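> Make a model of this:
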Amino acid sequence: MVRRGAGALALGWMLGCAGGEGSRDVSGAATTGVGSTGSSGEATGTGSSGAPTGDAPTSSSSGASTGPAVDVSTSSGEPASTSTSTSTSGTSSGEAGSTGSGTAAEPFCGDGQVDPPELCDDGDMVEGNGCNGDCQPSGQLLWSTTFAGMLGLTDEGLGCDVDGTGSIYVVGLVGLTVDNEDLWLRKYAAAGDPLWTQTYAGSAKLKDQGRAVVVDPAELVYAAGLANVVDQGNNVLVRKYAADGMPLWTKSFSGVALLADVASAAALTPDGLLVGGATAVMGAGNDTWLRKYSPEGAVMWTRGYSGAAKGHDETNAVAVSADGAYFYAAGTETVAGEARNLWLGKYDIDGNLLWSRLYNGAASKDDYLLGAVALADGGVVVCGYETAVGIPWSSFVRRYDGDGLVVWTEVDDGPEAAGALCYGLGLASNGDLLFAGATLQAGTREPRVRRLALDGTPLWSTVVAGAGPGASQARCVRQAPDGTVIAVGGIDEGTDGRDVWLARFSP
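Numbering: from 1, shown residues only. As a prediction, the model looks like this:
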């Protein structure tokens, strides 16, 4: 079930949404940031010396995965096949040529009629709108690959990026014991073959994670997350890697409370790296934490934000505008009597807060923003989830203009109206929104990847069911240079608990 609304609400705290729907806007999109959450499925506040490296065995290589079941739905809601055959017959002008004898024209892709081996034909030759220009359905799973630590523990991808050559970067965690996880970073070739792998363990040998990764045009890689340090709790961890995967520098941050400090989001700016997360405050939960680093790792500035309730406030996603003049930070703020609210702040590039907005879900329970993308018109789209009543959660997607007015909102309970979440957003080259999340299907949480028009219209949705009974999800989504869609997360294939999961979908 989906509930949508649109409108321009007055400036101030956003505590609800209005009805209606805006017109479609397919203007270009700005540079986007990434945000991710902990392995528990919620953003949690949980960096340092010592960097063991090396590769670990993969459970599968690139190529089509035969394990997960796939459910693809177009904007009409009808399931579509995942076959990859194509048909492109016809004249070079895109019209069927006449035979000169009065016989019927030969069928061709784009004539609006489905003729074998076509699986769809909507006649418009537009990519990503449910039926692509090759007369194959949008959102088909083209291939997937996994990484398993082979210890029966949780391994998961939490962040992702794609460079200009199509190489894919995945950061997350690998389980070593029940209480010990290492940060895990891998670069894949466009076809899904591993190129290099790096791991990192904090000195306490407890739970260390990579939650965000970004790559610059020179293929230099930045990863952000957390590392557990003896007598300091969890510290913010930020690392820079060369194009071949060798670490160049490591930075950490420990708040004065020496408790739970974490980086959950990262984005490139024209002159550095923006990192967002949370820092613990003694007796007052967490404060939102933002820091900008130079390419050499020098601290350029640090900003904090504390809600009036002095509870758990955090940034889970950041998104920088194309011109680098401002950025958005999205996460949560605790509000008295309303638990955690969705929180969005707009900042200038020097870290000065311009405005902020709050949204309290219908149940007044814990609500989270986990993804954000900045738009070319100055606005932003954010996503996350509300804790619901009757079902565990409802995914939440909202578009704001540059002044913080609501353009439209989607609250979605998933295909079976049993629960849904959004963990991350990306932008397609034509301005469409890419959605990474999960939904409850037959009682099990499964990865869900979607594409929406910029006016909020759903274009396609694909659910990939793991073979195992454990919870699975898509955490991060990006468009590759060839237009296909890359998704990263964790999936239970029924043999080794939840594994790092990388998949490619048709546009």
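
> Report the secondary structure state of residue 333.
At residue 333 the chain is in strand, as set by DSSP: H, G, I helix; E, B strand; the rest coil.

> wait, isn't it in contact with residue 310?
No: in this structure residue 333 lies outside contact range of residue 310 using C-beta atoms under 8 Å: 10.5 Å. Using the backbone N, CA and C atoms, a C-beta is placed for each residue, glycine as well.

> between the two, which one's more packed in?
The neighbour comparison of residue 333 against residue 310 (other C-beta atoms under 10 Å) goes to residue 333, with 27 against 15.

> Show me what the helix or strand where residue 450 lies is packed up against.
Using DSSP states H and E, residue 450 falls within strand 444-452. Applying 3 or more C-beta pairs under 8 Å, 6 or more residues apart in numbering; DSSP states H and E, one finds that strand 444-452 contacts strand 433-441, strand 458-465, strand 473-479, strand 485-492, strand 498-505.

> distance between that strand and the chain's centre?
11 Å (C-alpha atoms, centre = their mean, to the nearest Å).

> Now that strand - C-alpha only, CSV.
Coordinates of each C-alpha in strand 444-452 appear next as CSV, following Å, rounded to 0.1, in the frame of the first residue of the first chain:
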residue,chain,number,x,y,z
THR,A,444,10.9,-12.6,5.5
ARG,A,445,12.7,-9.3,4.9
GLU,A,446,14.1,-9.3,1.3
PRO,A,447,16.1,-6.8,-0.8
ARG,A,448,14.0,-4.3,-2.8
VAL,A,449,15.3,-2.0,-5.6
ARG,A,450,13.0,0.6,-7.2
ARG,A,451,13.0,3.4,-9.7
LEU,A,452,10.8,6.5,-9.3
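
> from here on, count from 35
Renumbered: residue one is now 35, and that last one reads strand 478-486.

> Return the list of strands paired to it, each annotated with direction.
Strand 478-486 has the following strand partners under DSSP bridges: strand 467-475 (antiparallel), strand 492-499 (antiparallel).

> does residue 363 really touch residue 348, like I thought?
No: contact criterion C-beta under 8 Å: residue 363 and residue 348 do not qualify, at 9.7 Å.

> To what extent is residue 292 buried, counted in neighbours?
Neighbours around residue 292, by other C-beta under 10 Å: 15.

> my guess is residue 506 contacts residue 480, does it?
Yes: between residue 506 and residue 480 there is a contact under C-beta under 8 Å: 5.5 Å.

> And the two? Which one has more around it.
Taking other C-beta under 10 Å, residue 506 and residue 480 do not tie; residue 506 has more neighbours (26 against 23).

> Bridged to residue 299, which residues?
residue 69, residue 310.

> brain fart, residue 539
residue 175, residue 519.

> what's the answer for residue 361, then?
Beta-bridge pairing of residue 361 under DSSP bridges involves residue 354, residue 381.

> Okay, it and residue 437: tell me how far apart.
Per C-beta to C-beta, to the nearest Å, residue 361 is found 16 Å from residue 437.

> who does the closest residue to residue 307 other than its chain neighbours bridge with?
Excluding the flanking residues, the one nearest residue 307 by C-beta to C-beta, 6 or more residues apart in numbering is residue 327, at 4.6 Å. In this entry, residue 327 is beta-bridged to residue 307, residue 333, by DSSP bridges.

> OK, contacts around residue 327?
Residue 327 is in contact with 272, 285, 306, 307, 309, 333, 334, counting by C-beta atoms under 8 Å, 6 or more residues apart in numbering.

> most neighbours, which of those?
For the contacts of residue 327, the largest number of neighbours (other C-beta under 10 Å) sits with residue 309, at 29 neighbours.

> Surely that residue and residue 274 touch.
No: Residue 309 is beyond contact range of residue 274, at 11.7 Å (criterion: C-beta under 8 Å).

> Okay, now the unreliable bits of this structure?
35-103, 105-138 (pLDDT under 70).

> Sketch out the helices for it, chain order is fine.
Under the criterion DSSP state H, the chain contains no helices.

> Out of the strands paired with strand 478-486, which one sits most buried?
strand 467-475 (a mean of 27; mean count of other C-beta atoms under 10 Å).

> C-alpha coordinates for that one, PDB please?
The C-alpha coordinates for strand 467-475 follow below in PDB (Å, rounded to 0.1, in the frame of the first residue of the first chain):
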ATOM      1  CA  LEU A 467      15.300   8.400  -8.300                       C
ATOM      2  CA  LEU A 468      16.900   5.000  -7.500                       C
ATOM      3  CA  PHE A 469      15.800   3.400  -4.200                       C
ATOM      4  CA  ALA A 470      17.600   0.700  -2.200                       C
ATOM      5  CA  GLY A 471      15.700  -1.000   0.700                       C
ATOM      6  CA  ALA A 472      13.700  -4.000   1.800                       C
ATOM      7  CA  THR A 473      10.200  -5.300   2.200                       C
ATOM      8  CA  LEU A 474       8.600  -8.100   4.000                       C
ATOM      9  CA  GLN A 475       7.600 -10.900   1.600                       C
END
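
> now it against strand 507-513, angle please.
Strand 467-475 and strand 507-513 are oriented at 160 degrees to each other (axes from the mean of the first three to the mean of the last three C-alpha atoms, to 10 degrees).

> Distance from strand 467-475 to the middle of the chain?
Offset of strand 467-475 from its chain centre (C-alpha atoms, centre = their mean): 9 Å.

> same thing with stretch 531-541?
With C-alpha atoms, centre = their mean, you get 12 Å for stretch 531-541.

> May I see the buried residues of stretch 262-275?
By 16 or more other C-beta atoms under 10 Å, the buried positions in stretch 262-275 come out as 262, 263, 266, 267, 268, 269, 270, 271, 272, 273, 274, 275.

> In JSON lines, list these along with distance to residue 226.
Below are the buried residues of stretch 262-275 laid out as JSON lines (distance: C-beta to C-beta, whole Å):
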{"residue": "262", "distance to residue 226": "32"}
{"residue": "263", "distance to residue 226": "35"}
{"residue": "266", "distance to residue 226": "38"}
{"residue": "267", "distance to residue 226": "37"}
{"residue": "268", "distance to residue 226": "32"}
{"residue": "269", "distance to residue 226": "33"}
{"residue": "270", "distance to residue 226": "31"}
{"residue": "271", "distance to residue 226": "27"}
{"residue": "272", "distance to residue 226": "27"}
{"residue": "273", "distance to residue 226": "24"}
{"residue": "274", "distance to residue 226": "25"}
{"residue": "275", "distance to residue 226": "20"}
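
> can you count the residues close to the residue nearest to residue 423 when sequence neighbours are not counted?
Leaving out its chain neighbours, the residue that sits closest to residue 423 by C-beta to C-beta, 6+ apart is residue 397, at 4.8 Å. Number of residues near residue 397 (other C-beta under 10 Å) recorded here: 16.

> now swap in residue 422 and tell me
Other residues within reach of residue 422, judged by other C-beta under 10 Å, total 18.
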